[in-house]
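> next come a sequence and a model predicted from it.
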Amino acid sequence: MRYVILRDDDTNALTPVECLERLYRPFLDRGMPVNLAVIPSVATSTTRPTGELEGFLFARNGACTETVSIGNNPALVRYLRENTGFRIVQHGFRHRYFEFDTDNAADASAWLEEGRRQLLSAGLPEPDAFVAPYDRYSAASLKECARRFRVISGGWYELRRLPRAWWPRYVWKKLRGEPHWRVGRTLLLSHPGCLLSCQRPYDSMLDNVIDAVRGGELTVLVTHWWEYFWKGRPNEAFIGRLHAVAEYLASQKDVRVISFSDLGA
């Protein structure tokens, strides 16, 4: 059996419900969980290095507060609670640029605790998996995350960004060529890049997903809901590729789509 985790990043208080519904109804109706990496208190002015506003803020509609907590969108929270196929993952705190690439363990600890509190106070289930914004961690933040979460999802891990006590485990996993590894009770997952991205060729997208799924026992597929609605406009061709992935996964008897929580059980 091969296992697939679908991870969608950047759901936040400004995310339109209809975007998630449009993208993931084919997965939910087939009983396949969708792991939403939810920003607890989204910063409304986060920009890319180019100075352009982050894509997940396209629906901010003139929001003038510095941050907006997920609990400030009761319609979205209700939708997520009613559709239990969505599994909640904690995604940073405010999603500022390279937020968890900090050497200040106290800051990382405070952000993790406050982020968790905001998710729970909104009525969402307690997450047992964590995703850092931009998949960027420091050694200090990784230690704080590992104290709180059974699963950490990242893109890749660099020796210089790991706690020194983790180095032997990391070297061992590199020597064995394993994409995923464990430190204590915490499982650290890698992914093969954002195969489901509007920046990638559409014609080969499904084939690349299939190759990744067939290439390992556990594959994390990462995507971003807002890329399918660039500046609020639906990209029908890209949405069609995502739904083709749903059809493929549902058709494979030896492939099971699971949640991060299934791994932590």
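In hand now; what should we look at?
> beyond the lengthiest strand in the chain, next helix or strand please.
Ranked by residue count under DSSP state E, the longest strand found in the chain is strand 2-11. Using DSSP states H and E, the helix or strand that follows strand 2-11 towards the C-terminus is helix 17-29.
> on that earlier part again, now do the longest strand of the chain: which elements does it pack against?
When contacts are defined as 3 or more C-beta pairs under 8 Å, 6 or more residues apart in numbering; DSSP states H and E, strand 2-11 sits against helix 17-29, strand 34-38, strand 86-91, helix 205-214, strand 218-224, strand 255-258, helix 260-264. Where you see a C-beta, it was placed from the backbone N, CA and C, and this is true even at glycine.
> now render these as a markdown table, adding mean pLDDT, distance to L119 and mean neighbour count.
What follows is the helices and strands packed on strand 2-11, written out as a markdown table (pLDDT from 0 to 100; distance: least, C-beta to C-beta, whole Å; neighbours: other C-beta atoms under 10 Å):
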| stretch | mean pLDDT | distance to L119 | mean neighbour count |
| --- | --- | --- | --- |
| helix 17-29 | 98 | 16 | 17 |
| strand 34-38 | 98 | 7 | 26 |
| strand 86-91 | 98 | 6 | 25 |
| helix 205-214 | 98 | 29 | 17 |
| strand 218-224 | 98 | 19 | 21 |
| strand 255-258 | 98 | 21 | 17 |
| helix 260-264 | 88 | 14 | 18 |
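> who wins for proximity to I239 among these?
For the helices and strands packed on strand 2-11, the distance to I239 is smallest for helix 17-29, at 6.6 Å, taking C-beta to C-beta.
> off-centre distance for that closest one?
Relative to its chain's centre, helix 17-29 lies at 16 Å (C-alpha atoms, centre = their mean, to the nearest Å).
> same check on stretch 92-108?
16 Å.
> with stretch 153-164 instead?
For stretch 153-164, the distance to the chain centre is 17 Å (C-alpha atoms, centre = their mean).
> show me what counts as buried in that stretch.
For stretch 153-164, the neighbour count (16 or more other C-beta atoms under 10 Å) marks S153, G154, G155, Y157, R161, L162 as buried.
> with stretch 162-173 instead?
Those would be L162, W166, Y170, K173, for stretch 162-173 by 16+ other C-beta under 10 Å.
> would you turn the helices and strands packed on strand 2-11 into CSV with distance to I5?
CSV is the format used below for those (distance: least, C-beta to C-beta, whole Å):
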stretch, distance to I5
helix 17-29, 12
strand 34-38, 6
strand 86-91, 9
helix 205-214, 11
strand 218-224, 5
strand 255-258, 6
helix 260-264, 6
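> now do the strands in the stretch 151-265 of the chain.
Secondary structure of the stretch 151-265 of the chain (DSSP state E, counting those that start in this stretch): strands at 151-153, 181-183, 186-189, 218-224, 255-258.
> average pLDDT for the first one?
It stands for strand 151-153. Taken as a whole, strand 151-153 has an average pLDDT of 98.
> give me the low-pLDDT residue ranges for the stretch 1-150 of the chain?
Scanning the stretch 1-150 of the chain for pLDDT under 70 picks out 61-64.
> ranges for the helices of it?
17-29, 74-82, 105-121, 139-148 (DSSP state H, counting those that start in this stretch).
> among these, which comes closest to L221?
Closest to L221 of these is helix 17-29 (C-beta to C-beta; 11.0 Å).
> run a quick neighbour tally on Q252.
The number of residues packed around Q252, counting by other C-beta atoms under 10 Å, is 14.
> what residues are up against it?
R2, V213 (C-beta atoms under 8 Å, 6 or more residues apart in numbering).
> same question, L263
I5, R150, V151, L187, L189, L218.
> same check, this time on R148
Counted by C-beta under 8 Å, 6+ apart, R148 has contacts L112, R116, F130.
> shouldn't the first one be in contact with E144?
Put plainly, it is L112. Yes: the pair L112 / E144 is scored as a contact, 5.8 Å apart, by C-beta atoms under 8 Å.
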